[in-house]
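Visitor: pasting a predicted model and its sequence here:
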Amino acid sequence: MSISITETVLKLIKATKEKKALEKLKANEKIKKKENARKKAKLRGNLTSQEEVFEAKNLDTAYLEGLRKAKHDVADFSAKGQVTLKTVKKQKKGVRAERLHKVIARTGMCSNRKAEQLIREGRVSVNGEKAILGQQIDLNDTSIKVRIDGEIIKHRAALKESCQVLIYHKAEGEISSRKDPEGRKTVFDRLPRLSVGRWVQVGRLDANTSGLLLFTNDGELAHRLMHPSFNIERKYLCRVYGEVTDEMIKRIKKGVMLDDGIAKFDDIRPINDQEQNLDSYQQGQRKKANAWFEVTLSEGRKHEVRRIWESQDVIVSRLIRIEYAGICLNRTLSIPQSGYLEADLEEINLLRGLVGLPPETKGYASAEELNYSNSEFKRERTQHLRKIKKAIFKDSKHRSQVQKVQDEKNKEQHEKRKQLAEKISQKNKKKFSKRSGDESFVEKFYK
């Protein structure tokens, strides 16, 4: 009896040991899988950063294509945890292949990241088959049809189009959304029609804000100009009502807490109508009347400028954007509000260079003929800012003069109408007096 009990106990001990060993093996396998996934993600990130560096330096395209393909063709990890990459085959002659998400972004419909998301969601098809992330298509093949949500996009025609940028002068009261639920006209209704693709807005301005708006037909350029990682500068003129002190300006430059995180102005400078009497501001004297400030920030959150001032109990009564990514508002002063100008090739390539995109040469001069530099660009920008401030305040003075003339005209018209009304009343008095013969009754009637 005792022997049977010991045997059962030994069996139980053996079973528990085997169970623990199996659990340990499973746990080790899970750890290995997580480690492999982490290394794979790290490798993809390294390849992406290398790709951006080589794109910026315009190095060998074949090697760059190899990096791009390797990012999506990462093989299984070996037992040692090392990675083996598939070799990149050379393209055949006459084949012009490009990644699908970049082709979609070029049409202006969305950015590269949004195009990748559409492919992941299975909303993109190539010749009726579901597209795969990282898929390449031959741009010279006319039989290829790319569809998004079942609708064909003109991807080949979009690639022939060169990058275009519009500099728009938005007026107060205009709506900057693509469609208005109330049926009102928007800024997009005033833009020229594109044969291929569509206009993409670079940042938004609310209805009460006026000034510079940029539009482009290149979705990737628009996405990069708006992305906070590129630190694109935006400059505004603000007319504020309230007491503004030196301590308040220091707090705003250091950073204030808003609902969506810390926000700050990179630079803030007081100005007035003639850009004079700045000594009084520097000495700490602040008026509680309307005062103008020029502010600079490098992100574009919703109503950020107004909210920063409101956090200090100061109200923004007027807001004008005067610069975005080096493009200044003075270009738009030659045309009325709600008008636009086409950016020239140099301005387009300055924008593309700021966000690491290759220069545009199609239909214009070659890249070697441009020869622009950042120092020249900064010099021109400072000159533009000086001109713009004077022009804006001249414009406000001109408006006040126009308003005075209009008021005088309105007064004259009112007096003429009053005189006509008096003449008509006199005639009616005479007619009524002849009929009744009672002058006192007529006077009482018209009183």
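Guide: On my side now, so go ahead.

Visitor: low pLDDT regions in the protein?
Guide: By pLDDT under 70, the weakly predicted segments of the chain are 1-5, 42-97, 108, 155-161, 272-289, 330-335, 362-403, 406, 421, 424-447.

Visitor: any chance you could map the helices in it?
Guide: Assigned by DSSP state H, the helices in the chain fall at 2-57, 61-72, 100-106, 112-120, 155-160, 219-226, 246-254, 278-282, 304-310, 345-354, 367-370, 374-436, 439-446.

Visitor: Tyr324 against Gln201, yeah?
Guide: No: contact criterion Cβ atoms under 8 Å: Tyr324 and Gln201 do not qualify, at 11.3 Å. C-beta: built from backbone N, CA, C; applies to glycine.

Visitor: intersection of neighbour lists for those two?
Guide: Both Tyr324 and Gln201 are in contact with Leu214, where contact means Cβ atoms under 8 Å, 6 or more residues apart in numbering.

Visitor: so between the two, which is more surrounded?
Guide: More crowded of Tyr324 and Gln201, by other Cβ atoms under 10 Å: Tyr324, with 24 against 21.

Visitor: how about that one, what does it touch?
Guide: Val202, Gly203, Leu212, Leu214, Leu225, Ile232, Glu233, Arg234, Lys235.

Visitor: for Glu182, see how far away the second one is.
Guide: This means Gly203. 23 Å (Cβ to Cβ, to the nearest Å).

Visitor: please identify which of those two sits among more neighbours.
Guide: For Gly203 and Glu182, the more surrounded residue by other Cβ under 10 Å is Gly203, and the numbers stand at 17 against 5.

Visitor: shouldn't the more buried one be in contact with Phe215?
Guide: No: with contacts defined as Cβ under 8 Å, Gly203 does not count as touching Phe215, sitting 10.3 Å away.

Visitor: related to what we said a few turns ago, wait, which of the contacts of Tyr324 is closest to Leu357?
Guide: Set against Leu357, the nearest of the contacts of Tyr324 by Cβ to Cβ is Leu225 (9.9 Å).

Visitor: neighbours around the residue lying closest to Gln337 once chain neighbours are set aside, how many?
Guide: Distances taken as Cβ to Cβ, 6 or more residues apart in numbering put Ala171 closest to Gln337, at 3.8 Å, once the chain neighbours are dropped. Other residues near Ala171 come to 13 when the count uses other Cβ under 10 Å.

Visitor: and what of Arg198?
Guide: There are 15 residues near Arg198, going by other Cβ under 10 Å.

Visitor: mind jotting down where the strands sit in the stretch 151-300 of the chain?
Guide: Taking DSSP state E, counting those that start in this stretch as the criterion, the stretch 151-300 of the chain contains strands spanning 151-152, 165-170, 200-202, 209-216, 234-241, 256-258, 261-263, 267-271, 290-297.

Visitor: could those be laid out in JSON lines, adding distance to Leu10?
Guide: Output for the strands of the stretch 151-300 of the chain, formatted as JSON lines (distance: least, Cβ to Cβ, whole Å):
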{"stretch": "strand 151-152", "distance to Leu10": "72"}
{"stretch": "strand 165-170", "distance to Leu10": "82"}
{"stretch": "strand 200-202", "distance to Leu10": "75"}
{"stretch": "strand 209-216", "distance to Leu10": "78"}
{"stretch": "strand 234-241", "distance to Leu10": "78"}
{"stretch": "strand 256-258", "distance to Leu10": "67"}
{"stretch": "strand 261-263", "distance to Leu10": "64"}
{"stretch": "strand 267-271", "distance to Leu10": "80"}
{"stretch": "strand 290-297", "distance to Leu10": "75"}
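
Visitor: between those strands, which gets nearest to Glu304?
Guide: Using Cβ to Cβ, those put strand 261-263 closest to Glu304, at 5.7 Å.

Visitor: and the end-to-end length of stretch 337-349?
Guide: 26 Å (Cα to Cα, to the nearest Å).

Visitor: which parts of that stretch count as buried, going by neighbours?
Guide: Gln337, Ser338, Tyr340, Ala343, Leu345, Glu347, Ile348, Asn349 (16 or more other Cβ atoms under 10 Å).

Visitor: closest to Gln117 out of those?
Guide: Closest to Gln117, out of all of these and judged by Cβ to Cβ, is Ile348, at 26.9 Å.

Visitor: what's the closest of the buried residues of stretch 337-349 to Lys39?
Guide: Asn349 (38.8 Å).

Visitor: my guess is the closest one meets Glu360, correct?
Guide: Yes: Asn349 lies in contact with Glu360 (Cβ under 8 Å); the separation is 5.9 Å.

Visitor: domains in this structure, by residue range?
Guide: For the chain, the structural domains run 16-88, 97-160, 378-447, going by automatic domain parsing.

Visitor: and Ile104, how far from Gln135?
Guide: From Ile104 to Gln135 the distance is 11 Å (Cβ to Cβ).

Visitor: now do the same contact list for the closest residue to Val200 other than its chain neighbours.
Guide: In this structure, Val200 finds its nearest non-sequential neighbour in Ala222, 4.1 Å apart by Cβ to Cβ, 6+ apart. Counting by Cβ under 8 Å, 6+ apart, Ala222 makes contact with Ser111, Val200, Gln201, Val202, Thr216.

Visitor: of all those, which two lie farthest apart?
Guide: Ser111 and Gln201 (12.6 Å).

Visitor: ok, Gly300 touching Arg234?
Guide: Yes: taking contacts as Cβ under 8 Å, Gly300 lies within contact range of Arg234: 6.4 Å.

Visitor: how many neighbouring residues does Leu319 have?
Guide: Neighbours around Leu319, by other Cβ under 10 Å: 22.

Visitor: touching, it and Arg234? I think so.
Guide: No: using Cβ under 8 Å, Leu319 is not in contact with Arg234; the gap is 11.5 Å.

Visitor: could you check how far the residue lying closest to Phe230 once chain neighbours are set aside is from Val244?
Guide: Closest residue in space to Phe230, ignoring its immediate chain neighbours: Val355 at 5.3 Å, by Cβ to Cβ, 6+ apart. According to Cβ to Cβ, Val355 and Val244 sit 34 Å apart.

Visitor: so Cys238 touches Arg318, yeah?
Guide: Yes: shown here, Cys238 and Arg318 form a contact pair, counting by Cβ under 8 Å, at 7.3 Å.

Visitor: more crowded one of the two?
Guide: Cys238 (22 against 16).
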